[in-house]
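J.: Below are the sequence and a predicted model for it; my questions follow.
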Amino acid sequence: MTETSSGRIRVLVAKPGLDGHDRGVKVVARALRDAGIEVIYTGLHQMPEQIAEAAIQEDVDAVGLSCLSGAHMTLFPKVVDLLKASGAQDIKVFGGGIIPNDDIVKLKQAGIVEIFTPGATTDAIVEWVRANCGETQPA
C-alpha cells in the first residue's frame with residue numbers, strides 16, 4: 001500500500017479511449033471516496049499512455065478503468081503493458097463495463113486483476129479495492 005499522509009489507498013479511475021459514458025465511473029469514484037479511499041479521476045477520452053503516466057505520477061495503488069465502447073480488449077491490456085514497461089507492475093489494474101464473459105478470462109490473462117460487470121455493487125468494488133490494495137482498516 002502506498003503510504004500517503006493519511007495512510008489511505010490511492011486509486012486512479014479513468015475512461016480510456018473514445019467512450020463518452022461516464023455515469024458509472026463517477027458512481028464508482030464517489031463510492032470509493034465515501035469509503036475513505038483517495039480517488040483521482042482523469043476524465044473522459046484518456047489514452048492508455050496518459051492513464052499509465054498519471055498513475056505513476058500520482059503514486060497510486062490501483063487503476064480502475066471503465067469502458068462501454070467495446071474497446072476493452074485493446075485499451076485495458078495496453079495500460080497494464082505500459083505500467084509494466086515503466087516498472088510499475090505493482091499497480092493493480094481493475095476494470096468495469098459491458099464486458100462479455102469470454103473477454104473477462106482473456107483480460108485477466110492479460111494482467112487485469114478484476115472485472116466488474118453491470119450489477120456489481122459499489123460495496124463489492126470498495127471491498128475488493130480494500131482487500132487487494134492492502135488497507136488494513138477502513139478509513
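T.: All right, it came through fine. Residues are numbered from 1 along each chain as shown.
J.: Chain neighbours aside, what residue packs nearest to Val126?
T.: Nearest non-adjacent residue to Val126, counting by CB to CB, 6 or more residues apart in numbering: Ala35, 4.4 Å away. Yep, even glycine has a C-beta here, placed from its N, CA and C like the rest.
J.: Give the buried residues for stretch 58-73.
T.: Glu58, Val60, Asp61, Ala62, Val63, Gly64, Leu65, Ser66, Cys67, Leu68, Ser69, His72 (16 or more other CB atoms under 10 Å).
J.: Switch those over to CSV; also include pLDDT.
T.: Output for the buried residues of stretch 58-73, formatted as CSV (pLDDT from 0 to 100):
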residue, pLDDT
Glu58, 97
Val60, 98
Asp61, 98
Ala62, 98
Val63, 98
Gly64, 98
Leu65, 97
Ser66, 95
Cys67, 93
Leu68, 88
Ser69, 86
His72, 96
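J.: Which of those residues fall within strands?
T.: Counted as lying in strands by DSSP state E, out of the buried residues of stretch 58-73, are Ala62, Val63, Gly64, Leu65, Ser66, Cys67.
J.: now the strands for this protein?
T.: 10-14, 38-41, 62-67, 92-97, 114-116.
J.: Turn those strands into a markdown table, columns for distance to Trp128.
T.: Converted to a markdown table, the strands of the chain look like this (distance: least, CB to CB, whole Å):
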| stretch | distance to Trp128 |
| --- | --- |
| strand 10-14 | 11 |
| strand 38-41 | 15 |
| strand 62-67 | 10 |
| strand 92-97 | 7 |
| strand 114-116 | 6 |
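J.: and the longest helix along the chain, how far from the chain's centre?
T.: What stands out as the longest helix in the chain, according to DSSP state H, is helix 72-85. On the basis of CA atoms, centre = their mean, to the nearest Å, helix 72-85 sits 12 Å off its chain's mean C-alpha point.
J.: What residues sit buried inside it?
T.: Buried residues in helix 72-85, defined by neighbour count with 16+ other CB under 10 Å: His72, Leu75, Phe76, Pro77, Lys78, Val79, Val80, Leu82, Leu83.
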